[in-house]
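**Student:** Based on what follows, work out the 3D shape:
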Amino acid sequence: MNSSITGKLDEEKVFKDPVHRYIHVRDELIWELIGTREFQRLRRIRQLGTTYITFHGAEHSRFNHSLGVYEITRRILDVFKGRPQWDDQDRLLTLAAALLHDIGHGPFSHAFEKIYGTDHEEWTRKIILGDTEVNSILKRVHPAFPQEVSEVIEKTHPNKLITSIISSQIDADRMDYLLRDAYYTGVSYGQFDIERILRVMRPMEEQVVIKQSGMHAVEDYIMSRYQMYWQVYFHPVSRSAEVIINQILKRVKALFKQGYAFKQEPRHFFSFFDEKVSLEDYLRLDESITLYYFQVWQEEDDRILRDLCVRFLNRKLFKYVEFHPNQWMKDWATLERRFREIGLDPDYYLIVDSSSDLPYDFYRPGEEEERLPIHLLLPNGKMKELSRESDVVEAISGKKRTDHKLYYPLDLLEDDSEHQEAKKEILHILHS
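**Tutor:** Down below sits the predicted model:
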């Protein structure tokens, strides 16, 4: 190892943090990674995408969150230090992976990925392994270190214990985003006793486990996660804003393919349209750039693009109704036809959005999204899967909840200027 990068700082660096009070940086490696252009870019990517449109305090960034995940991981490793199942030589690897786990996120991550086929996990790997400041710093530990960090984040590293600290059903990533997102959205759902959970975490060969005495703190954590998903992450108003972003990005791509002459050429998007995105192209695009284009596209001649950008920037969002796919089969063709009659393209103004979540699951090998369960460490040294000991967790274990909503521009349907018969039929179908 290169001692100049794996050593300690002459003086500890401290970030003041509203969630963890302080974030402590003692390692030269971590301090240098934080200072890279790739990591600093995360200041310009919101942690919660469009959620700030519903919860106005949710302006925090992936930079905030990544530091938080690092801090929780640092505290976990302090608990593990000296225990026979933990090798402290893996400390820097674990901390680096925790810090960099989200470095590949793009602007309005999930909306952007959906339209342009990008994958933040793939871009995380490219940033860590490519020609970047992050890569050059990691290689100073040893030449294979970037690959090791990437493998931990990708969950392919042979040391499953390290992976489980950062990515499992009770990990540093989830614990930070629940507490942080609850704080910035102003809700109480995401609160749980992290101090208690950290004290009762124990390293085992394959994963982190929880002492049985900490079971109730873990129950609280899982229920907090359940509530945050349905009250915050899947909030229907935030989803309406994300639907509109989806439609903006889809429309811009379609216009480019048609040879449309933009008043303001979206040159930052050209490589995404052509699906030939370089690492530099990706790193140059953040939410400040994206919002700039939304602003100037309000002046475009294309009516759809102009309207969608005005809606997003001025919070003139789509309304929604509950959507049950089987029940809507007979009405869908009528809705599409009537939308076209009144001059609205249903591809942009009649959108189904679905959300689903599985708050806790036991291990079912071979099934999609298989994941290790949380294990309790009993006083006799044996382990027991959490839902077999907890009635609270058993009640939701393995149960996937799915929600479908249909989004549409109510304001344009209530406009009484023309096409009254078609609009009345649309509203009747939507509200019946």
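**Student:** measure Val200 to Ile194 for me?
**Tutor:** 11 Å (Cβ to Cβ, to the nearest Å). C-beta coordinates here come from the backbone N, C-alpha and C atoms, glycine included.
**Student:** Kindly report the same for Tyr260.
**Tutor:** For Tyr260, the distance to Ile194 - Cβ to Cβ - is 51 Å.
**Student:** So which of the two has more stuff around it?
**Tutor:** Here Tyr260 and Ile194 are set side by side on neighbour count (other Cβ atoms under 10 Å), and the busier one is Ile194, at 18 against 14.
**Student:** which residues touch that one?
**Tutor:** Residues near Ile194 by Cβ atoms under 8 Å, 6 or more residues apart in numbering: Ile72, Met175, Leu179.
**Student:** what about the spatially closest residue to the first one that is not a sequence neighbour, neighbour count?
**Tutor:** Just to be clear, that refers to Ile72. Nearest non-adjacent residue to Ile72, counting by Cβ to Cβ, 6 or more residues apart in numbering: Ala172, 4.0 Å away. When neighbours are defined as other Cβ under 10 Å, Ala172 has 27 of them.
**Student:** What's the local residue count around Leu9?
**Tutor:** Neighbours of Leu9 using other Cβ under 10 Å come to 14.
**Student:** Check Lys316 too.
**Tutor:** Neighbours of Lys316 (other Cβ under 10 Å): 13.
**Student:** How about the secondary structure of it?
**Tutor:** Three-state call for Lys316 (DSSP: H, G, I helix; E, B strand; the rest coil): coil.
**Student:** ok, now which ones touch it?
**Tutor:** Lys316 neighbours (Cβ under 8 Å, 6+ apart): Val310, Asp411.
**Student:** cutoff 10 Å now
**Tutor:** Ile244, Asp307, Leu308, Val310, Pro409, Asp411 (Cβ atoms under 10 Å, 6 or more residues apart in numbering).
**Student:** Let me have the residues you listed in a markdown table, extended by distance to Leu48 and secondary structure.
**Tutor:** Listed next are the contacts of Lys316 as a markdown table, based on distance: Cβ to Cβ, whole Å; DSSP: H, G, I helix; E, B strand; the rest coil:
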| residue | distance to Leu48 | secondary structure |
| --- | --- | --- |
| Ile244 | 16 | helix |
| Asp307 | 25 | helix |
| Leu308 | 21 | helix |
| Val310 | 23 | helix |
| Pro409 | 24 | coil |
| Asp411 | 26 | helix |
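**Student:** Quick one: buried ones out of those?
**Tutor:** Among the contacts of Lys316, those scoring as buried are Ile244, Asp307, Leu308, Pro409 (criterion: 16 or more other Cβ atoms under 10 Å).
**Student:** Just give me the neighbour total for the closest residue to Ser188 other than its chain neighbours.
**Tutor:** Nearest residue to Ser188, sequence neighbours excluded (Cβ to Cβ, 6+ apart): Ala182, at 6.9 Å. Using other Cβ under 10 Å, Ala182 has 21 neighbouring residues.
**Student:** Which element, helix or strand, includes Ala182?
**Tutor:** helix 172-185 (DSSP states H and E).
**Student:** could I get that helix in CSV with only the CA atoms?
**Tutor:** Taking Å, rounded to 0.1, in the frame of the first residue of the first chain, the C-alpha atoms of helix 172-185 are listed here in CSV:
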residue,chain,number,x,y,z
ALA,A,172,-25.5,2.2,6.1
ASP,A,173,-27.1,3.4,2.9
ARG,A,174,-30.7,2.8,4.0
MET,A,175,-30.1,4.0,7.5
ASP,A,176,-28.8,7.3,6.3
TYR,A,177,-31.4,8.0,3.6
LEU,A,178,-34.3,7.2,5.9
LEU,A,179,-33.0,9.6,8.6
ARG,A,180,-31.8,12.3,6.2
ASP,A,181,-34.9,12.2,4.0
ALA,A,182,-37.2,12.4,7.0
TYR,A,183,-35.3,15.4,8.4
TYR,A,184,-35.3,17.3,5.1
THR,A,185,-38.9,16.5,4.2
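**Student:** Helices of the stretch 301-432 of the chain, residue ranges please.
**Tutor:** 303-313, 325-341, 346-349, 391-396, 410-414, 420-431 (DSSP state H, counting those that start in this stretch).
**Student:** Kindly compare burial across those helices and name the winner.
**Tutor:** With neighbours defined as mean count of other Cβ atoms under 10 Å, the helices of the stretch 301-432 of the chain peak in mean count at helix 303-313, which reaches a mean of 20.
**Student:** and that helix, how far from the chain's centre?
**Tutor:** Relative to the chain's own centre, helix 303-313 is displaced by 25 Å; criterion: Cα atoms, centre = their mean, to the nearest Å.
**Student:** Check which residues of the least confident helix or strand in the chain by mean pLDDT are buried.
**Tutor:** Ranking every helix and strand in the chain by mean pLDDT, DSSP states H and E puts helix 3-6 at the bottom, with a mean of 77. Neighbour counts over helix 3-6 (16+ other Cβ under 10 Å) mark Ile5, Thr6 as buried.
**Student:** what packs against that helix?
**Tutor:** helix 28-34, helix 91-100, helix 133-139 (3 or more Cβ pairs under 10 Å, 6 or more residues apart in numbering; DSSP states H and E).
**Student:** what's the angle between the longest one and helix 172-185?
**Tutor:** Taking axes from the mean of the first three to the mean of the last three Cα atoms, to 10 degrees, helix 91-100 and helix 172-185 form an angle of 40 degrees between their directions.
**Student:** my guess is Ile342 contacts Lys423, does it?
**Tutor:** Yes - assessed by Cβ atoms under 10 Å, Ile342 is found in contact with Lys423 at 6.1 Å.
**Student:** State the distance from Ser240 to Val321.
**Tutor:** As judged by Cβ to Cβ, Ser240 and Val321 stand 12 Å apart.
**Student:** Show me the common contact partners of the two, please.
**Tutor:** Counting by Cβ under 10 Å, 6+ apart, the residues touching both Ser240 and Val321 are Lys405, Tyr407, Tyr408.
**Student:** so of those, which ones are in strands?
**Tutor:** Lys405, Tyr407, Tyr408 (DSSP state E).
**Student:** residues near the residue nearest to Tyr221 when sequence neighbours are not counted, how many?
**Tutor:** Distances taken as Cβ to Cβ, 6+ apart put Phe192 closest to Tyr221, at 4.3 Å, once the chain neighbours are dropped. Applying other Cβ under 10 Å, we find 21 other residues in the vicinity of Phe192.
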